[in-house]
Structures are given as structure tokens and as C-alpha cells.
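Engineer: Need coordinates for the below:
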Amino acid sequence: MKQRFIEIMDSTLRDGEQTSGVSFLPHEKLMIARMLLRDLHVDRIEVASARVSEGEKEAVKMICRYARQIDRIDNVEVLGFVDGHTSVDWLLDAGAHTLNLLVKGSLKHCKEQLMKTPDEHIRDILEVLEYAGQHGVSVNVYLEDWSSGMKDSPSYVYQLMDCLSHVECIRRFMLPDTLGIMNPLQVVEYFRKMKKRYPEAHFDFHAHNDYDLAVSNSLAAALSGAKGLHVTVNGLGERCGNAPLSSVQVILKDQFNAVTNINEEKLMDVSRLVESYSGISIAPNQPIIGDNVFTQVAGVHADGDQKGGLYHNPLVPERFGRKREYAMGKTSGKANIARNLQELGLELTPEQTQRVTRRITELGDRKEIVTQDDLPFIVSDVLKHDVIEDKVKLVSYQVSLAYGLKPLANVKVEINGQEYEGHSSGDGQYDAFVKALRKIYKEYLDRTFPLLQNYAVTIPPGGRTDALVQTVITWQLPDRLLRTRGLDADQTEAAIKATIKMLNIVEKEYHQFSNQ
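Structural biologist: Residues are numbered from 1 along each chain as shown. All right, here's what the predicted structure looks like:
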């Protein structure tokens, strides 16, 4: 494939919002749109469907105001319908300039859903296009169910295209696999037919993932002449979702030598933002954006990485603003653990390293999760001397919960041998506990308490519903994210353990920095 430019259209805010259980608030849509346009540099964003609600219109207005400020208003698109003047008027009232007009791309949809003949449907389409052109609205045309149309009624698809391909206000024809039924060979076949009949037309491809082929089909379309591909962040979308932006981007670049405007270093940031707003968690093994995709577990891999990067591929984590990690478990081996010890600045003898390796293997056999942040505590426990001492100790605490009142917390901690007390209210028991700690750090130590980024509670791997709970908290430090875990029968107690573990790590680093 010759190096050429592929336009990326993100539909997270429209098609992605059709994911079951997902509904973005207007300000959330604005934040996602800002990151997509300003940071990630997507070429176009589809932000809503016309006529849905007043809240949807308010979201579009907010996005359009921002887009004008950065001179990107022409890149904001709204899905509209063959409904006379209604969708165009809605779009104009919201401040947008580009209409993605949904027309029927298969004879079956035209006859059985609209109950109209092809000529009647084409006449209605031309009416909308004439009105849009009179009001300066650019139009992209979606041929809904195009894949079925090419399979079962290609003459209808060509009839539609023959009537629309020369309409002045149409900029693109967008060809969706609405039901997610195509395979890459069919994409190549149908796209080549379209390109042969309409060589001057700009074609986009819009994939769905019902057969887990959305990415493959998108790349087949690019190979066959598509000038634009539609994606969503994290692959959100109806049923099985759409083609994930991150996967399409890296395959376009690495496997097809294509050029896009995407800023790959921001893929992780927008992914986490959408994960937070949507409530749909990213699978840990999701390519590019999953938590585990740059984590090596097997010891042979860590050993190979130290010998010329033998287990590296073009998807290096630094390319996406991430770093390679070496998880620890029963298959880790000494090389893996030694790599983690080195990153922490811990120097052990070969015999000590072997003892730590044995302990981590035992933990792995019990399906316990071991991270780099746990390592100093494992080392301390195994070697039975002060490799790391608890500089922050929880002396006592009390949390109370009463109906109609905010939870309260009284906390006493020992920091470097000095005891401090604090109390606070909060939105929950743990929130009150953390706010009390923040007061101690601010009023007595004049130091900033790390910001809590994410809080997750799970049953540990292999556990039961009546087992211990594991709390995993992600903290924002000045130079990195830090995850700590706590394990207890009580959720609040598990969170408190994770918090004290974090404070000891931070305190150790604070003193190391102060002594330099």
C-alpha cells in the first residue's frame, strides 16, 4: 500500500453513546470533544443525532461554541434524517454546519421500513439536500445497511448513487456495515465496485464488530480505496461496538504505511476519560490501551529484554506515553524480579533475590497479585530486617455513619515517630478518613496529599462472594501514577490499608529526595 493519508472520524459521542447503559452528560460530551479535537487531533467528530432531546441540542451547542474558538467548526458533524426541513433546522439551531444524512442503503430497508419505492425515497432525499444547500450546510451521506444492499440489491445502491453522486453539497459518501456482517474479502470486493463506478467520490467506511472483524474490515476498506474510517474510543457502540480508534490507528501506521493526524501519545488519556464517563471498563488485555498490554510476566521475556530487546515489537509503550512493566507471579523468574528491584533502587544479594523469588512464586500459586509497589514490603517480610520500615503508621481511627448525617472520621497517625490527629466529615466513610489525613498533611506537615484518581473494589482472583475484598486505588503523584492494594474482609479497612501503603511509599521517596 502506497503511503497515503486516511481521514479519521470519531463517532464516540453519537454511535458510541448507543452502547447499552451509556449516556453522556452535556459537559462530559464537551470534555471528550475537546480532547478528541485539541489533543488527539482526530479529523472529524460525530457528536449527536438530531431531534433526540433538548439536552442533546445543548451539548451540540457547547461543542460548536468551542469548535469555533479553535477554528474546527467544519469538523463537527450531526446525524440527521430524511425528514424534510426538521433535521437541518435542528442542526442550524444548534450551531453546526455539517449534516450526516442517514438514507436507506438497501432495498429491503427502503421498502420494508419506509414503505416507499426507491424513486419516492430518492425524491425525499433530494428535497433535504436542496434545503441543506440553500442554508450553506455541508452534507455527508450515510448509506444505512450498505453491506446488505451490496449483497442483496446492488442495483438499488447504484441507482441511489447515480442520483446523488453529482449533488453539489455532498462531500462524502459513508458506507456502513450496519449489521456487522461483512468479512474483509467482501469489503475489498464491494469497495472496488464502488470505486470503479464512482472514481471521484470520497468514500468512508463505518464498521461494526459483531463478528469481531471491525478492525480487519476497516483496514480492508483502506486498502481498497476508502479515504476515511469511522472509529470510537474503546470500541464503544451498539451491540458488539465499533472499530476501536487505538487499534485502527496503529494498524494503519504500522501494517499499511498510512498517514493520519492522530497524536498517539494521547490515546491513553482519551481512553481513560471515556472509560470514566461511560462506566464501561477497558479489558486489561485490550491492545494499546489495556492495563496489561505492556506488562511482561514470564521471566524469559524479562531476560530477553535485557539482551537487546528480544521481546520488543514496534508497539513500544513510550510511543503511547506509557512504560513497560514486569509483573511478578509464579512464572516470573529471577530476571523479572531483578528488573523490578533495580527500578526501585533495591540492591539484594543473589541469595536474597532467590528467597524473594520463592515468596513471589508462592503468592502466584495462590493467585495473589504482586506489583512493583508491593515488592519493598515483600522484601522486608522475607528478609526479616528493615529493608523498608513503616514511616507512616496508623495508630487508631474511628469512622461513624448515621442516617441523615455525613460520615465522620477521627484519625491518629504516626509519621516519622511523631503522632498527629485529624478529623473530618465526608461523602462516605473512606472519604471522611482521607479528608482527615489531608488535614494532617496540610496543617501539620505543610505537604500535598496525593490525589485519588481511581478506586476499584473486587473479589480477589479465585475468591468467592463471601471472601475478602481487594481495594485497588490509583494515586496521582507529581511524576507518575501509583497503584496500591489493600485486602480485608471490610471494604473501608481494605481501602485504608491501601492508603497507608501508598503513604509509606511516598514517605520513603520523600526522604530519599531530601537526603540527596
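Engineer: thought Leu37 was touching Arg72?
Structural biologist: Yes: the pair Leu37 and Arg72 passes the contact test of CB atoms under 8 Å, sitting 5.3 Å apart. (C-beta placed from N, C-alpha, C; glycine too.)
Engineer: my guess is Arg14 meets Arg44, correct?
Structural biologist: No: applying CB under 8 Å, one finds Arg14 not in contact with Arg44, separated by 11.4 Å.
Engineer: quick one: pLDDT of Val379?
Structural biologist: Looking at Val379, its pLDDT reads 73.
Engineer: host element of it?
Structural biologist: Val379 is part of helix 375-383 when elements are defined by DSSP states H and E.
Engineer: in the longest helix along the chain, what's buried?
Structural biologist: Longest helix in the chain by number of residues (criterion: DSSP state H): helix 491-514. Going by neighbour count (16 or more other CB atoms under 10 Å), the buried part of helix 491-514 is 491-508.
Engineer: Flag the shaky bits of this protein, pLDDT-wise.
Structural biologist: 1-2, 296-312, 323, 325-336, 343-345, 363-378, 380-389, 459-468, 487-489, 514-516 (pLDDT under 70).
Engineer: Now do the contacts for Glu507.
Structural biologist: For Glu507, the contacting residues are Lys391, Val392, Ile415, Asn416, by CB atoms under 8 Å, 6 or more residues apart in numbering.
Engineer: Pull the number of nearby residues for the second one.
Structural biologist: A count of neighbours around Val392, defined by other CB atoms under 10 Å, yields 19.
Engineer: Next, it: phi, psi?
Structural biologist: Backbone torsions for Val392, taken as degrees, to the nearest 10, come to phi -120, psi 120.
Engineer: does it really touch Val413, like I thought?
Structural biologist: Yes: Val392 lies in contact with Val413 (CB under 8 Å); the separation is 6.3 Å.
Engineer: And Asp145, how far from Gly235?
Structural biologist: 21 Å (CB to CB, to the nearest Å).
Engineer: Could you do Ile289 as well?
Structural biologist: Taken as CB to CB, the span from Ile289 to Gly235 is 10 Å.
Engineer: same deal with Ser246?
Structural biologist: 9 Å.
Engineer: now do Met115
Structural biologist: As judged by CB to CB, Met115 and Gly235 stand 34 Å apart.
Engineer: higher neighbour count, the two?
Structural biologist: Neighbour tally, Met115 and Gly235, criterion other CB under 10 Å: the higher count belongs to Gly235, 26 against 8.
Engineer: And for the closest residue to Arg483 other than its chain neighbours, the neighbour number?
Structural biologist: Spatial nearest neighbour of Arg483, excluding adjacent residues (CB to CB, 6 or more residues apart in numbering): Thr474 at 5.1 Å. For Thr474, the neighbour count with other CB under 10 Å is 18.
Engineer: Start the count at 20 instead of 1 going forward.
Structural biologist: Right, with 20 as the first residue, what we last looked at is Thr493.
Engineer: For Thr493, which three-state class applies?
Structural biologist: State at Thr493, reduced to three classes by DSSP: H, G, I helix; E, B strand; the rest coil: strand.
Engineer: That one contacts Leu471, doesn't it?
Structural biologist: Yes: using CB under 8 Å, Thr493 is in contact with Leu471, at 7.5 Å.
Engineer: and the spatially most central residue of the chain, what helix or strand is that in?
Structural biologist: With distances taken as CA atoms, centre = their mean, the residue of the chain nearest its centroid is Ser290 (2.1 Å). Taking DSSP H and E as the definition, Ser290 sits inside helix 286-297.
Engineer: Can you give me the buried ones in that helix?
Structural biologist: Buried residues in helix 286-297 (16+ other CB under 10 Å): Leu286, Met287, Val289, Ser290, Arg291, Leu292, Val293, Glu294, Tyr296, Ser297.
Engineer: which helices and strands sit right next to it?
Structural biologist: Helix 286-297 is packed against helix 45-53, helix 264-275, with contacts defined by 3 or more CB pairs under 8 Å, 6 or more residues apart in numbering; DSSP states H and E.
Engineer: Give me the contacts around it.
Structural biologist: Looking at what lies outside helix 286-297 - CB under 8 Å, 6+ apart - the contacts are 31, 35, 38, 41, 43-44, 47, 50-51, 54-55, 58-59, 252-253, 255, 264-265, 268, 300-301, 307-308, 339-341, 473.
Engineer: What's the ChimeraX syntax to select whichever of those are buried?
Structural biologist: The following ChimeraX line selects those of the contacts of helix 286-297 that are buried, judged by 16+ other CB under 10 Å:
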select :31,35,38,41,43,47,50,51,54,55,59,252,253,255,264,265,268,301,307,308,339,341
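Engineer: Inside strands: which ones of the contacts of helix 286-297?
Structural biologist: Members of the contacts of helix 286-297 lying in strands (criterion: DSSP state E): Asn473.
Engineer: What separation do you get for Gln417 and Ala428?
Structural biologist: Applying CB to CB to Gln417 and Ala428 gives a distance of 7 Å.
Engineer: hmm, back to that, the inter-axis angle of the helix holding Ser290 versus helix 45-53?
Structural biologist: Put simply, helix 286-297 runs at 170 degrees to helix 45-53, going by axes from the mean of the first three to the mean of the last three CA atoms, to 10 degrees.
Engineer: what is the orientation angle of helix 286-297 with helix 264-275?
Structural biologist: Orientation note: helix 286-297 sits at an angle of 150 degrees relative to helix 264-275 (the same axes, to 10 degrees).
Engineer: and helix 286-297, how far from the chain's centre?
Structural biologist: How far helix 286-297 lies from its chain's middle: 4 Å, per CA atoms, centre = their mean, to the nearest Å.
Engineer: Ok, stretch 365-385 next?
Structural biologist: The chain centre lies 35 Å from the centre of stretch 365-385; the measure is CA atoms, centre = their mean.
Engineer: Check which residues of that stretch are buried.
Structural biologist: Leu365, Leu367, Gln371, Thr372, Val375, Thr376, Arg378, Ile379, Thr380, Leu382, Gly383.
Engineer: now do stretch 169-184
Structural biologist: Buried-residue list, stretch 169-184, by 16+ other CB under 10 Å: Met169, Lys170, Ser172, Tyr175, Val176, Tyr177, Leu179, Met180, Leu183.
Engineer: Widest-spaced pair of those residues?
Structural biologist: Lys170 and Leu183 (20.3 Å; CB to CB).
Engineer: got a list of what Arg91 touches?
Structural biologist: Contact analysis of Arg91 by CB under 8 Å, 6+ apart lists Leu56.
Engineer: do you know how far it is from Thr117?
Structural biologist: 11 Å.
Engineer: Same question for Leu32.
Structural biologist: Leu32 sits at a distance of 14 Å from Thr117 (criterion: CB to CB).
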